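Engineer: need the 3D shape of this:
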Amino acid sequence: MSRQRIAAAAVATAAAAGLAGTLAVLPATAQDSTEDTLTWGACPEDVTGGERMECAAVPVPLDYADPGGQSIEVMVSRLASTDPEARQGAMLLNPGGPGGAGLDQPVGMADLGLPASVTDAYDLIGMDPRGVGHSTPVSCGFTAEQAHRGNVPPYAADDAAVRAQAALAQGVAEQCAANDTDGLMPHMTTANTARDIDTIRAALGEEELSFYGASYGSVLGAAYASLFPETSGRVVLDSNVGGTALDHEAQRRWGSGFEPNFAYFAAWAAERDAAYGLGDTPEAVRDTYFDLAGRLDAEPVGEYDGALFRFIVFVSLYGEDSFGGAARLWQSLDAGDAAAADRLFDELDVPAATGGDAAGTPSPYDNAWSAFLAVTCNDADWPEDIAVYLEATAADREAYPMFGGAGANVTPCAFWANDPVEPQVPITDEGPANVLIVQNELDVATPLEGAQINREAFGDRARLVTVDGFGHGAYVYGTNACALNTTTAFLLGGELPREDVACEA
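Structural biologist: Numbering: from 1, shown residues only. Presented below is the predicted three-dimensional model:
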């Protein structure tokens, strides 16, 4: 399989002035009522677990500044509470991204171990956000031969690598603009998706709508709780990016997050040196990482150069269940076996390779990547001067030598066709105390600092639950009993803990 790369199509996982008043209070298109006005029916056949749910299309304005203008459809799913006496309302879920489809999330979280007391208390509402999946999807026209490293820009070893990335990024931005023939892209924003959520609330006939979001879902939830403090119900922000946009500074935090998370993997690998041979101490595993990355920089094994190797290691740190496959992939690259590396890479299920070899065949990841780019580029005022990226990558390579240069690298947002249509949503500490922030201390994609940023910004509206744990996702997606019980108690009772909570391992 070919792995030719347009690495610029990747941006990251991760001028904030006050939002213009007229936009901040734009009304929902559906009139508030106590009646569910949606027409529920069967879910699309490709929705996992769809036979256990019902789905409906919700009309929303393409542009909330022109609510009577063009409308688009957002599709939602519902896993209904089966206990009328226990039911407290509805809770909308978001799996992250941006660009992540979420119609299957209610069934997915229920099957993963969401407590029965929560599924009894809430109708769980899934959602393909605007521009994603079954919700008026956007497309940059990415094809199978355009391999892609997901949403992470490549490691930049020097200034020449940054400039090369800039040229690729510009081409991707131009491709996205050329394919946006319907004019959807400029309206792909976190603020508009938050407004869509309140429109969904009104259409459901709910006075309040609770929310759970992980990763980018924390960005969306922070915006929702800030734009609609009085109609947002109980809000759980898990694995926090920090703030209401996945901007350049949030992306750069990957450098600081990589090092402590790698130390966790290094300790794991050292304990299994007899099986993997990566080093018998964490320090030795770290040395192996630098040695192998350097050798691949000088002489790639097939399509695996040093930048791709660093990316693979980064995504393998999302959860411990990836460690074994990643360690075997290290072995294959060390032995120069590209075929074995391909097999192991595919087993890791990373959306960073081609979808096939046929020229012009659409990539299976086209919509997800396109939506990611549109939202991240529209949400923040990204630097356009390449000198900013040259300086940032140089600083991060020195501060975080394992991966720091990647998070600071150039993305297509530097060349995006349209400027943001509105300022970034400011988090507000005015409103009900209804925000619970849950965060593993070790999380490569969303380091602890993001949760601390949100905690400070929300003030007395929020409490922070830090977990002495590793991985991306703390509530339900993690296994810590303290985090599970604290979050569940909030969702059922509506009261925040009296103070911040520190959950032991």
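Engineer: residue 463 belongs to a helix?
Structural biologist: No: counting by DSSP: H, G, I helix; E, B strand; the rest coil, residue 463 is not part of a helix but strand.
Engineer: enumerate every residue touching it.
Structural biologist: Going by C-beta atoms under 8 Å, 6 or more residues apart in numbering, residue 463 touches 435, 436, 437, 455, 496, 497, 499, 500, 501. Heads up, the C-betas are built off the backbone N, CA and C, glycines and all.
Engineer: switch to 6 Å and redo it
Structural biologist: 436, 496, 497, 500 (C-beta atoms under 6 Å, 6 or more residues apart in numbering).
Engineer: filter those residues to the buried ones?
Structural biologist: 436, 496 (16 or more other C-beta atoms under 10 Å).
Engineer: can I get the contacts of residue 463 in CSV with pLDDT and distance to residue 164?
Structural biologist: As requested, those are exported to CSV (pLDDT from 0 to 100; distance: C-beta to C-beta, whole Å):
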residue, pLDDT, distance to residue 164
436, 98, 43
496, 98, 49
497, 98, 49
500, 98, 45
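Engineer: list the contacts of the helix or strand where residue 233 lies.
Structural biologist: Taking DSSP states H and E as the definition, one finds residue 233 inside strand 232-240. The contact list for strand 232-240, computed with C-beta under 6 Å, 6+ apart, reads 208-212, 214-215, 218, 221, 224-225, 434-439, 443, 446, 450-451, 454, 472-475, 487, 491, 494.
Engineer: and for the closest residue to residue 221 other than its chain neighbours, the neighbour number?
Structural biologist: Closest residue to residue 221 apart from its sequence neighbours, by C-beta to C-beta, 6 or more residues apart in numbering: residue 213 at 4.0 Å. When neighbours are counted by other C-beta atoms under 10 Å, residue 213 registers 25.
Engineer: what's near enough to touch residue 213?
Structural biologist: So residue 213 contacts 94, 220, 221 (C-beta under 6 Å, 6+ apart).
Engineer: phi, psi of it?
Structural biologist: Dihedral angles of residue 213 (phi, psi; degrees, to the nearest 10) stand at phi -140, psi 140.
Engineer: which parts of the stretch 151-300 of the chain are strands?
Structural biologist: When secondary structure is read from DSSP state E, counting those that start in this stretch, the stretch 151-300 of the chain shows strands at 209-215, 232-240.
Engineer: what's the angle from the shortest one to strand 232-240?
Structural biologist: Relative orientation of strand 209-215 and strand 232-240, computed by axes from the mean of the first three to the mean of the last three C-alpha atoms, to 10 degrees: 10 degrees.
Engineer: residue 169 reaches residue 416, doesn't it?
Structural biologist: No: assessed by C-beta atoms under 6 Å, residue 169 is found out of contact with residue 416, at 9.7 Å.
Engineer: tell me the centre residue of the protein?
Structural biologist: With distances taken as C-alpha atoms, centre = their mean, the residue of the chain nearest its centroid is residue 97 (3.0 Å).
Engineer: excluding its backbone neighbours, what's nearest that residue?
Structural biologist: Using C-beta to C-beta, 6+ apart and skipping the chain neighbours, the partner closest in space to residue 97 is residue 216 (4.8 Å).
Engineer: what number of residues lie near that neighbour?
Structural biologist: Considering only other C-beta under 10 Å, residue 216 is surrounded by 30 other residues.
Engineer: equivalent analysis for residue 420, please.
Structural biologist: Neighbours of residue 420 under the rule other C-beta under 10 Å: 18.
Engineer: quick one: the nearest residue to residue 286 once chain neighbours are set aside and residue 308, what's the gap?
Structural biologist: Excluding its sequence neighbours, the residue lying closest to residue 286 (C-beta to C-beta, 6+ apart) is residue 266, at 5.6 Å. In this structure, residue 266 and residue 308 are 20 Å apart, going by C-beta to C-beta, to the nearest Å.
Engineer: the more surrounded of the two?
Structural biologist: The neighbour count for residue 266 versus residue 308, taken as other C-beta under 10 Å, is higher for residue 308 (27 against 21).
Engineer: which among the contacts of strand 232-240 end up buried?
Structural biologist: 208-212, 214-215, 218, 221, 224-225, 434-439, 443, 446, 450-451, 454, 472-475, 487, 491.
Engineer: need the contact list for the closest residue in space to residue 238 that isn't next to it in sequence.
Structural biologist: Residue nearest to residue 238 in three dimensions, not counting chain neighbours: residue 214, with 4.2 Å by C-beta to C-beta, 6+ apart. Going by C-beta under 6 Å, 6+ apart, residue 214 touches 96, 238, 239, 473.
Engineer: next one: residue 392
Structural biologist: residue 408.
Engineer: let's go with 7 Å and repeat that
Structural biologist: 252, 408 (C-beta atoms under 7 Å, 6 or more residues apart in numbering).
Engineer: for residue 365, see how far away the residue nearest to the centre of the chain is.
Structural biologist: On the measure of C-beta to C-beta, residue 97 and residue 365 end up 12 Å apart.
Engineer: also residue 46?
Structural biologist: 15 Å.
Engineer: so the two - more neighbours on which side?
Structural biologist: Neighbours were counted for residue 46 and for residue 365 using other C-beta under 10 Å; residue 365 has more, 22 against 11.
Engineer: what's around the nearest residue to residue 403 once chain neighbours are set aside, how many residues?
Structural biologist: Nearest residue to residue 403, sequence neighbours excluded (C-beta to C-beta, 6+ apart): residue 258, at 3.9 Å. Residue 258: 24 surrounding residues under other C-beta under 10 Å.
Engineer: swap in the one 3 residues further on?
Structural biologist: As a burial measure, residue 261 scores 26 neighbours (other C-beta under 10 Å).
Engineer: what residues are up against it?
Structural biologist: Applying C-beta under 7 Å, 6+ apart to residue 261 gives the contacts 317, 442, 444.
Engineer: next one: residue 403
Structural biologist: The neighbours of residue 403, taking C-beta under 7 Å, 6+ apart as the test, are 155, 254, 255, 258, 310, 314.
Engineer: what about residue 183, distance to residue 69?
Structural biologist: According to C-beta to C-beta, residue 183 and residue 69 sit 11 Å apart.
Engineer: ok, now residue 439?
Structural biologist: According to C-beta to C-beta, residue 439 stands 40 Å off from residue 69.
Engineer: low-scoring stretches of the stretch 101-250 of the chain, by residue?
Structural biologist: Residues of the stretch 101-250 of the chain meeting the criterion pLDDT under 70: 147-150.
Engineer: all helices for it, in order.
Structural biologist: Listed in chain order, the helices of the stretch 101-250 of the chain (DSSP state H, counting those that start in this stretch) span 105-112, 116-121, 159-179, 190-204, 216-227, 248-271.
Engineer: just put those in CSV and tack on distance to residue 379.
Structural biologist: Converted to CSV, those look like this (distance: least, C-beta to C-beta, whole Å):
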stretch, distance to residue 379
helix 105-112, 22
helix 116-121, 30
helix 159-179, 15
helix 190-204, 5
helix 216-227, 8
helix 248-271, 10
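Engineer: confirm residue 91 sits in a helix?
Structural biologist: No: counting by three-state DSSP, residue 91 falls outside a helix, being strand.
Engineer: contact partners for it?
Structural biologist: Neighbouring residues of residue 91 by C-beta under 7 Å, 6+ apart: 122, 124, 125, 210, 211, 212.
Engineer: could you redo the last one with a cut-off of 6 Å?
Structural biologist: Residue 91 makes contacts with 122, 210, as judged by C-beta under 6 Å, 6+ apart.
Engineer: quick one: it and residue 122, what's the gap?
Structural biologist: Taking C-beta to C-beta, one finds residue 91 at 4 Å from residue 122.
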